[in-house]
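In: Next input, structure requested:
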Amino acid sequence: MKWLLINSLFLTLLSSSLQNCQSNLTIDDRLNYMKNVNYDEDKKQIANCFMANIEYYRKFHGYGLNVYTDSPDSLKRKYSTHYAKYPGAEKDPANFFEPYASRYNSLNETYVNSPFQTKNQLTITTDTIIYNKNGLFCVAFLVIHLNYDEIEGLESKRDSGREFDAKAIIGYRESIEAPFDIFPLTKHQVIGFESYDAAILMLKDLYFNHLKGKGSTGTVYEGEKFRHNVGDKNFFNFAPYFQKHKSGNYNFQMYRYRNEDLLFKYLKCDD
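Out: Have a look, this model is predicted:
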C-alpha cells in the first residue's frame, strides 16, 4: 500500500510538471501545431510505421545468418544476397525496433525470429504528437504493450507486470499530405513499466523537462548543446536534431558507428 501511495504521488507530480511545461506554448503556437494536420490519422500512421519496422526485422533479420572473416565464401554470398534483397534488415543501429522482433531460445542459447506476427504480439499506441509550425516535422511519444504468447522452448519476453515500454521518435515528411518516416530518439527510453500511464508520463517528463544538456558521447550530437526541451517555443528551430549534417541530411537521420556518420536505413512508411 505504501508503494502504491508513493507511485500515485509520483505520477501526480509528473502530470503537474508536464502541464507547467506545456503552458509555455501560446494559444497561437498550439493552433499552428494542429493547423492543416489530421492528428488522429497521423497517430495511427506513426504507430503502424513503428509496427512495420519491427515486423520487417522479424521477417528478414537473419539471427542465424552470421558471417566472419574465416566464413566460407558460399556463406558470405548467401549473406550478401539476403541483405541486398532486404536492405536495412542486417542490423538496427539504434537497437530501437529489432529487440521486439526476437525471442530467446533457451535450449540453443540463441535469439530467433519471433514465430508470430508482430501485430499479434504487441499493441503500439501513439499517445501524443508535437508538430513544428508547418507540420512536416514532429516528435511523437509511443507506448508499446508487450502481449507475447508463451511458447515452449522460448523464454518470456518480459516479467509479468512489466509489459509497458514508452519511446519517442522524430517524424519527417516532404509534404503535409505525405506519411511520416520515423527516426529513433534514444536520449531517453522507458522500459518495463507496470502501466500505460506510468510509462508515458515518465517519458514525457524526460523529454519535456530533461532534454537540455550536452549531446551524448559517441553520437552525431557529441559536443552539441541542447538548449531546449521538447515543447519549448524554439525547439524545432534550434535543437541539434533538426540541424543539417555535413552530408546534407538532417542530424536525426544519421547515426555514428566506429567514428563514421552513417544514414539510418529504416523502413520507409509510404502507406
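
In: I'd like to know which helix or strand in the chain has the lowest mean pLDDT.
Out: Across the helices and strands of the chain, mean pLDDT, DSSP states H and E gives its lowest value to helix 2-22, namely a mean of 45.

In: Report the beta-bridge partner residues of residue 183.
Out: Assessed by DSSP bridges, residue 183 has beta-bridge partners residue 170.

In: And residue 260, by the same measure?
Out: With DSSP bridges as the rule, residue 260 is bridged to residue 257.

In: ditto for residue 145
Out: Note on residue 145: beta-bridge partners by DSSP bridges are residue 123, residue 164.

In: Who are the contact partners of it?
Out: Listed by CB atoms under 8 Å, 6 or more residues apart in numbering, the contact set of residue 145 reads 122, 123, 124, 125, 163, 164, 196. For every residue, glycine as well, the C-beta is placed using N, CA and C.

In: Count the residues that sit near the fifth one.
Out: When neighbours are defined as other CB atoms under 10 Å, residue 163 has 21 of them.

In: show me the contacts for it.
Out: 145, 146, 147, 192.

In: hang on, the earlier thing: which among the contacts of residue 145 end up buried?
Out: Neighbour-count burial (16 or more other CB atoms under 10 Å) applied to the contacts of residue 145 gives 122, 123, 124, 125, 163, 164, 196.

In: Report the central residue of this protein.
Out: Central residue of the chain (CA atoms, centre = their mean): residue 184, 4.2 Å from the mean position.

In: show me where the chain has strands.
Out: 102-105, 110-113, 122-131, 137-146, 164-172, 181-193, 213-214, 225-226, 254-257, 260-263 (DSSP state E).

In: Turn those into CSV, columns for distance to residue 79 and mean pLDDT.
Out: Formatted as CSV, these follow (distance: least, CB to CB, whole Å; pLDDT from 0 to 100):
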stretch, distance to residue 79, mean pLDDT
strand 102-105, 18, 90
strand 110-113, 16, 91
strand 122-131, 28, 97
strand 137-146, 30, 97
strand 164-172, 29, 98
strand 181-193, 25, 96
strand 213-214, 38, 90
strand 225-226, 39, 94
strand 254-257, 18, 96
strand 260-263, 19, 96
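
In: And these: which comes nearest residue 71?
Out: Taking CB to CB, strand 110-113 is the member of the strands of the chain nearest to residue 71, at 16.9 Å.

In: What residues of that closest one count as buried?
Out: Those would be 111, 113, for strand 110-113 by 16+ other CB under 10 Å.

In: just stretch 241-257 next, same as before
Out: Counting neighbours by 16+ other CB under 10 Å, stretch 241-257 gives 241, 242, 250, 251, 252, 253, 254, 255, 256 as buried.

In: what's the distance between it and the middle of its chain?
Out: Relative to the mean C-alpha coordinate of its chain, stretch 241-257 is positioned 17 Å out (CA atoms, centre = their mean, to the nearest Å).

In: Check the separation of the first and last residues in that stretch.
Out: Taking CA to CA, to the nearest Å, the first and last residues of stretch 241-257 lie 17 Å apart.

In: ok, now stretch 153-171?
Out: Using CA to CA, the end-to-end distance of stretch 153-171 comes out at 38 Å.

In: Span of stretch 100-110 from start to end?
Out: Terminal residues of stretch 100-110 are spaced 15 Å apart (CA to CA).

In: contacts for it?
Out: Contact with stretch 100-110 is made by 54-55, 57-58, 61, 63-64, 111-115, 118, 121-122, 144, 146, 148, 151, 153-155, 157, as judged by CB under 8 Å, 6+ apart.

In: Since that was my last question, I'll sign off now.
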